[in-house]
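> give me the fold of what follows.
(one chain, ligands or ions: 1)
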Amino acid sequence: MTKNFGILAYPAKHSLSPVMHNAAFRELNIDAQFGVFEISENEFSDFIERVKHEPISGLAVSLPYKENIVFQLNKVGGDAKKIAAVNTVVNKGGFLYGYNTDFIGSNMALNEVEPDLKDKKVTILGAGGASRAICYGLLKEGAKVSIYNRTKKRAENLAKEFSKMFETEVKSGDLKEIVKCEKGDILIQASSIWLTSSKIDAELQIPAGLVEKFDTIMDIVYSPLITPLLKTAKKLNKRVITGDKMLLYQAVSQFELFTNEKAPIKLMQKVLRENIH
Ligand code: NAP
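Here you go, the predicted model:
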């Protein structure tokens, strides 16, 4: 019988998960299909209960449900519990298991240029859900992390929580203070700055002088793929990681949880690139 998977989000129609997973199922001759579950917040709890009883084998989970879903599952993996967010659900005979592959995706994206993240000095811009998973992944690998955010309190809270969890100092600051940050190895842009502010405002907040201080620059925003930050980084001959890489690798890891098969990474990357705008 064909297995059913899907992306649970609201809105969900723009998601690039179906093209990656469906291409991978076809490539490996797996009798499965990956659809879209665009579920409103009113329908969310009922939907999760339905998944337990219907032939839905797994879910990719995106905004706004990554945090809320943690409380609706039968079991949540250790990493997902610590991040307090789930982006992957596997249905094992009516029991829903939750995992987080976002932190694996960001680490794998970084590993393309930095195979060993231990002791690397990393500055992260943003303190939302994505930043949380990225910070967790970096700290797990022994990197030294600083978090800067528009709302300082949010960066401080995240730094305090992870400092305690990993028994290491995580620095934090206001976005305005980021220009004064120390030199480091990696700068990660993990906020929605390009989507929610004018190009001029955003570029003022991330000036070339800041980019100069780092060897590798990653922006997790993938639309546009080459953000103004990455344009500056390229001009300065920095190593650049585009946002599609984290998206790809979180899906790769998710596919492997869904199927217990090795994901066809090259193919997934190809279809992702073809469908990204
Ligand atoms: P989120 O939880 O809503 O957090 C948004 C973050 O962006 C917060 O830190 C917020 O700061 C900051 N922000 C928003 N507008 C800003 C502005 N004008 N100036 C400065 N900071 C601003 O969102 P998220 O889930 O973390 O996602 C963040 C971005 O990453 C989104 O663009 C999303 O598409 C992208 N993303 C990419 C991947 C991938 O796989 N490549 C995965 C997840 C997310 P405040 O705390 O001050 O509001």
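> distance between the strand or helix carrying residue 204 and the chain's centre?
Taking DSSP states H and E as the definition, residue 204 sits inside helix 199-205. Its chain's average C-alpha position is 23 Å from that of helix 199-205, according to Cα atoms, centre = their mean, to the nearest Å.
> quick one: the strands in the protein?
3-9, 32-38, 58-61, 75-76, 88-92, 95-99, 121-125, 144-149, 171-174, 186-189, 216-219, 239-241 (DSSP state E).
> TSV please, covering those and showing distance to the ligand.
To be clear about C-beta, it is placed using only N, CA and C from the backbone, and glycine gets the same treatment. Formatted as TSV, the strands of the chain follow (distance: least, Cβ to the nearest ligand atom, whole Å):
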stretch	distance to the ligand
strand 3-9	11
strand 32-38	17
strand 58-61	11
strand 75-76	19
strand 88-92	13
strand 95-99	15
strand 121-125	7
strand 144-149	5
strand 171-174	10
strand 186-189	8
strand 216-219	9
strand 239-241	10
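> is it possible to get CSV of the ones you listed that adds distance to residue 269?
Output for the strands of the chain, formatted as CSV (distance: least, Cβ to Cβ, whole Å):
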stretch, distance to residue 269
strand 3-9, 18
strand 32-38, 17
strand 58-61, 17
strand 75-76, 29
strand 88-92, 19
strand 95-99, 21
strand 121-125, 24
strand 144-149, 27
strand 171-174, 34
strand 186-189, 20
strand 216-219, 16
strand 239-241, 13
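> TSV for those, including mean pLDDT, mean neighbour count and distance to residue 67?
Shown next, in TSV, are the strands of the chain (pLDDT from 0 to 100; neighbours: other Cβ atoms under 10 Å; distance: least, Cβ to Cβ, whole Å):
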stretch	mean pLDDT	mean neighbour count	distance to residue 67
strand 3-9	98	22	13
strand 32-38	98	18	17
strand 58-61	98	26	10
strand 75-76	98	18	12
strand 88-92	97	22	14
strand 95-99	98	20	11
strand 121-125	97	25	19
strand 144-149	97	25	17
strand 171-174	95	18	21
strand 186-189	98	25	21
strand 216-219	98	25	23
strand 239-241	98	19	26
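> leaving out chain neighbours, which residue sits closest to the residue in the chain that the ligand sits nearest to?
Of all residues in the chain, residue 128 sits closest to the ligand, at 1.9 Å by Cβ to the nearest ligand atom. Nearest residue to residue 128, sequence neighbours excluded (Cβ to Cβ, 6 or more residues apart in numbering): residue 191, at 6.7 Å.
> interface residues of the stretch 101-250 of the chain facing the ligand?
105, 126-131, 149-151, 154, 175, 190-193, 195-197, 220-222, 243, 246-247, 250 (Cβ under 6 Å from any ligand atom).
> try it again with 8 Å
102, 105-106, 125-133, 149-151, 154-155, 175, 190-197, 201-202, 205, 220-223, 243-247, 250 (Cβ under 8 Å from any ligand atom).
> contacting residues around residue 3?
If a contact means Cβ atoms under 8 Å, 6 or more residues apart in numbering, then residue 3 has 30-33, 55, 57 as its contacts.
> in the sheet, who's paired with residue 216?
With DSSP bridges applied, residue 216 shows beta-bridge pairing to residue 186, residue 239.
> make 48 the starting number, not 1.
Done: numbering now begins at 48, and the last item shifts to residue 263.
> which residues touch it?
For residue 263, counting by Cβ under 8 Å, 6+ apart, the contacting residues are 157, 160-161, 232-234, 285-288.
> of the residues you listed, which is the nearest to residue 278?
Nearest to residue 278 among the contacts of residue 263, counting by Cβ to Cβ, is residue 287 at 9.3 Å.
> got a list of what the closest one touches?
263-265, 277, 280-281.
> let's go with 7 Å and repeat that
Residues near residue 287 by Cβ atoms under 7 Å, 6 or more residues apart in numbering: 264, 277, 280-281.
> and if you look at residue 320?
Here residue 320 is in contact with residue 291 (Cβ under 7 Å, 6+ apart).
> hey, C-alpha coordinates of stretch 288-301 in CSV?
Only the C-alpha atoms of stretch 288-301 are listed here, as CSV (Å, rounded to 0.1, in the frame of the first residue of the first chain):
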residue,chain,number,x,y,z
ILE,A,288,26.9,29.1,2.2
THR,A,289,23.4,29.8,0.7
GLY,A,290,20.1,29.1,2.6
ASP,A,291,19.1,26.1,0.4
LYS,A,292,21.9,24.0,2.0
MET,A,293,20.3,23.9,5.5
LEU,A,294,16.9,23.3,3.8
LEU,A,295,18.3,20.4,1.8
TYR,A,296,20.1,18.7,4.6
GLN,A,297,17.3,18.9,7.1
ALA,A,298,15.1,17.2,4.5
VAL,A,299,17.8,14.6,3.8
SER,A,300,18.0,13.7,7.5
GLN,A,301,14.2,13.7,7.6
